[in-house]
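1. Show me how the following folds:
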Amino acid sequence: MQHIAWHQSVGKLIEGLDRPGFWTALVRVLEQYVAFDSWVVLIFSDARPQVLAECPGLDGGPDTLFLDYLKGLYQLDPFYIDSRERTVGGLLHLADVAPERFEQTDYYQRYFRLNVVVDEVQFNVPLEAGRTLCLSLGAQHRFTPENLALLGLVQPWVSGLMRQRLTFDQQLLGSSTPGPRRPQAPGSAGHRLENSLTARELDVARLMLSGCSGKEIARKLSISTETIKVHRKHIYGKLGIKSQSELFALFLQAQQD
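-> Numbers count the residues shown, from 1 in each chain. The predicted model follows:
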């Protein structure tokens, strides 16, 4: 990465920090060194993610799967969950944050496998108030150790540029801050979930759907695996369901209400 072309590219990115096409220009520079197929820049917080920039859809229109993600599926995203549990900057790989059973989940089969496809890496920049600025790169192939090493090498440059760019995105952020979520309509799937389950049961349900094993959930919530089994039994009983796929269907429907 000491090649003069890299330094010339970084110089141009610094010159273009205040220009509308900055994020696309940054991604195009990274594409010269590591192949990937999709990208998005967003901010994680306790509210819905704020999207600063994203790659265009194949038809140039909005990506319906990504819209589902923003409506609520983000709550099952390993990167989002990790950002809520700890404040970590730098480069993260899917293998660093994915739960044990991630590839067995409905979220993986019905969203991740179709939208991100195979693998993902993310540049994280911690912000104030528990927020995280993220540049996510998705690929139809596994990132190799060489790819990860190269991205790790440029990470300080990329993170620095991301943080500096945020200065010029403040006006956008101020006008698009997610408001409070509207109340769920009586009888809707969302109302059914929120009013049938306790706060702890909702936490357990989301972690189950994200692919966490009983042991992982117990560790994250500081409770026993036997308690997790009791919570799961209560969740299924209260909702009148018999499988995790039915639970995912309810969760997905709740995001559409």
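2. for residue 142, what are its contacts?
-> Shown in contact with residue 142 (C-beta atoms under 8 Å, 6 or more residues apart in numbering): 118, 119. Yep, even glycine has a C-beta here, placed from its N, CA and C like the rest.
3. what's the helix or strand for it?
-> Following DSSP states H and E, one finds residue 142 outside all helices and strands.
4. Please report how far the closest residue to residue 51 other than its chain neighbours lies from residue 23.
-> Nearest non-adjacent residue to residue 51, counting by C-beta to C-beta, 6 or more residues apart in numbering: residue 42, 4.9 Å away. Here residue 42 is placed at a distance of 11 Å from residue 23 (C-beta to C-beta, to the nearest Å).
5. Could you tell me which residues touch both of the two?
-> Residues touching both residue 42 and residue 23 (C-beta under 8 Å, 6+ apart) are residue 52.
6. Next up, phi/psi of the nearest residue to residue 79 once chain neighbours are set aside, please.
-> Leaving out its chain neighbours, the residue that sits closest to residue 79 by C-beta to C-beta, 6+ apart is residue 122, at 5.3 Å. Note on residue 122: its backbone torsions stand at phi -150, psi 130 [degrees, to the nearest 10].
7. Next: residue 43.
-> Dihedral pair for residue 43: phi -120, psi 120, per degrees, to the nearest 10.
8. What number of residues are in the vicinity of it?
-> Per other C-beta atoms under 10 Å, the neighbour tally for residue 43 reads 22.
9. cool, residue 103 as well?
-> Neighbour count of residue 103, defined by other C-beta under 10 Å: 12.
10. Surely residue 135 forms part of a strand?
-> Yes. Applying DSSP: H, G, I helix; E, B strand; the rest coil, one finds residue 135 inside a strand.
11. The closest residue to it other than its chain neighbours: helix or strand, and which one exactly?
-> Excluding the flanking residues, the one nearest residue 135 by C-beta to C-beta, 6+ apart is residue 123, at 4.3 Å. Using DSSP H and E, residue 123 maps to strand 119-126.
12. who's the residue nearest to residue 135 bridged to?
-> residue 91, residue 135 (DSSP bridges).
13. which residues sit in contact with it?
-> Residue 123 makes contact with 90, 91, 134, 135, 136, 151, 155, 158, 159, 162, according to C-beta under 8 Å, 6+ apart.
14. Over to residue 103?
-> Residue 103 is in contact with residue 211, counting by C-beta under 8 Å, 6+ apart.
15. phi, psi of it?
-> Dihedral angles of residue 103 (phi, psi; degrees, to the nearest 10) stand at phi -70, psi -10.
16. With residue 38 instead?
-> Main-chain dihedrals, residue 38, degrees, to the nearest 10: phi -150, psi 160.
17. which non-adjacent residue is nearest it?
-> Spatial nearest neighbour of residue 38, chain neighbours left out: residue 138 (4.1 Å); criterion: C-beta to C-beta, 6+ apart.
18. Next, give phi and psi for that neighbour.
-> For residue 138, the backbone dihedrals are phi -110, psi 150 (criterion: degrees, to the nearest 10).
19. does it really touch residue 27, like I thought?
-> No. The pair formed by residue 138 and residue 27 falls short of the contact definition of C-beta atoms under 8 Å, at 11.6 Å.
20. Find residues that contact each of these two.
-> Common neighbours of residue 138 and residue 27 (criterion: C-beta under 8 Å, 6+ apart): residue 39.
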